[in-house]
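**Q** sharing a model that was predicted from the sequence below.
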Amino acid sequence: MDLFSDRQRIGPRRMEPQVTSFDKRLRNALWTAFVKDVWTPRDTWCHDDITRRDRVVEHIWLQLFGRSIDDVPQTDKDGRGPARDVLRKYFENCTWWKLLDLLELAIRGLSPARSAALAKALNDAMVAHYAAYRVIAGRFVPITDPHEMRAVDEAASSGGQPARKHIEKALKFLSDRDSPDYCNSIKDAICALEATCREIAGDQSAGLSDALKRMKSEPQVHPALVGAMDKLYGFASDAGGVRHASREPQNTPSFEDAKLVLVLCCAIINFLLAAQAKRGS
């Protein structure tokens, strides 16, 4: 938020990212986004929106709180009832990762339009309060650079269906808090690139190497870039047993390795799609 005191550097301002703890200001901002886009009915709301809101409450009580169906509180059409009070206290006192779990349940339970609005509001709050997470494709992902986030988000929303599915899986493996799988995250990122190259080459049965050979003749794709994609594929194939069983456990890919491959693959996918669109216009 660009306020006078920020521009003049007057008064305290948080500069360290919020990673493993969320302060009160951030929690309040996330609660405001949640209430506005999930809870508070508007003139444009339809019956389905209210039904989905009630379903979000049910998912939170059953999946997050571990309660029985009989314990789910009732909420009237205007959002009044004990559920809101319970959720408000939960927002204030729960661990940071439980809060993100709750918000992911909300994002997935809403209609696509409401989900997109909530994701944007949450990301705005995260940016304003220096939180180290962003919503990408319906999941909270640790992020360090907004350009990286935009590259992944763009590829996850504009690529072909096979590529989008692989990107979503790569994100899931990368952001799994309990058991992240960096090998499979790298594998699916490469598969997303492979699917895009096959689409551009016009041969759905081609492997990445064959698709790259055909793409060398494309006027919008420089041969050096084709060579870089081939080398990226080689790196991923050799990164701690992504393609084959690793004989050196110490070479198991890290979070940084997996994020690098995902961001690079998504950036290349975005470039290839833009070049294809330009060529077809």
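**A** Arrived safely, thanks for sending. Quantities reported herein were computed from a predicted structural model and do not represent experimental measurements. Numbering: from 1, shown residues only.
**Q** tell me how far the residue nearest the centre of the chain lies from Asp203.
**A** Most central in the chain under CA atoms, centre = their mean is Ile136, positioned 2.0 Å from the mean C-alpha point. According to CB to CB, to the nearest Å, Ile136 and Asp203 sit 30 Å apart. C-beta here means a position set from N, CA and C on the backbone, and glycine is covered the same way.
**Q** and the nearest residue to the residue nearest to the centre of the chain once chain neighbours are set aside, what helix or strand is that in?
**A** Leaving out its chain neighbours, the residue that sits closest to Ile136 by CB to CB, 6 or more residues apart in numbering is Asp153, at 5.1 Å. Taking DSSP states H and E as the definition, Asp153 sits inside helix 146-158.
**Q** got the contact list for the helix or strand following that helix?
**A** Reading on from helix 146-158 to the C-terminus, the next helix or strand found by DSSP H and E is helix 161-175. With contacts defined as CB atoms under 8 Å, 6 or more residues apart in numbering, helix 161-175 is touched by 136-137, 139-142, 152, 155-157, 159, 180-182, 184-189, 191-193, 195-196, 199, 255, 258-259, 262, 266, 269.
**Q** swap the cut-off to 6 Å and go again
**A** Contacts to helix 161-175, defined as CB atoms under 6 Å, 6 or more residues apart in numbering, come from residues 137, 139, 141, 155-156, 181, 184-185, 188-189, 191-192, 195-196, 258, 262.
**Q** please report which of these has the highest neighbour count.
**A** Counting neighbours by other CB atoms under 10 Å, Ala189 comes out on top of the contacts of helix 161-175 with 33 neighbours.
**Q** which secondary structure element is home to that one?
**A** Element membership for Ala189 (DSSP H and E) is helix 182-201.
**Q** so what secondary structure elements neighbour that helix?
**A** helix 161-175, helix 208-215, helix 255-280 (3 or more CB pairs under 6 Å, 6 or more residues apart in numbering; DSSP states H and E).
**Q** and it, what's its mean pLDDT?
**A** Mean pLDDT, helix 182-201: 88.
**Q** and that helix with helix 208-215, angle?
**A** 30 degrees (axes from the mean of the first three to the mean of the last three CA atoms, to 10 degrees).
**Q** re earlier: and the helices and strands packed on helix 182-201, which is most packed in?
**A** Comparing the helices and strands packed on helix 182-201 on average neighbours per residue, with mean count of other CB atoms under 10 Å, the densest one is helix 161-175 at a mean of 21.
**Q** for it, C-alpha coordinates in PDB please.
**A** Taking C-alpha atoms only, helix 161-175 is exported to PDB below (Å, rounded to 0.1, in the frame of the first residue of the first chain):
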ATOM      1  CA  GLN A 161      -5.300 -28.700 -20.900                       C
ATOM      2  CA  PRO A 162      -2.600 -31.300 -20.500                       C
ATOM      3  CA  ALA A 163       0.000 -28.700 -19.700                       C
ATOM      4  CA  ARG A 164      -2.300 -27.000 -17.100                       C
ATOM      5  CA  LYS A 165      -2.900 -30.300 -15.400                       C
ATOM      6  CA  HIS A 166       0.900 -31.000 -15.100                       C
ATOM      7  CA  ILE A 167       1.500 -27.500 -13.800                       C
ATOM      8  CA  GLU A 168      -1.200 -28.000 -11.100                       C
ATOM      9  CA  LYS A 169       0.400 -31.300 -10.100                       C
ATOM     10  CA  ALA A 170       3.800 -29.700 -10.000                       C
ATOM     11  CA  LEU A 171       2.500 -27.000  -7.700                       C
ATOM     12  CA  LYS A 172       0.800 -29.600  -5.500                       C
ATOM     13  CA  PHE A 173       4.000 -31.600  -5.100                       C
ATOM     14  CA  LEU A 174       6.000 -28.400  -4.500                       C
ATOM     15  CA  SER A 175       3.700 -26.900  -1.900                       C
END
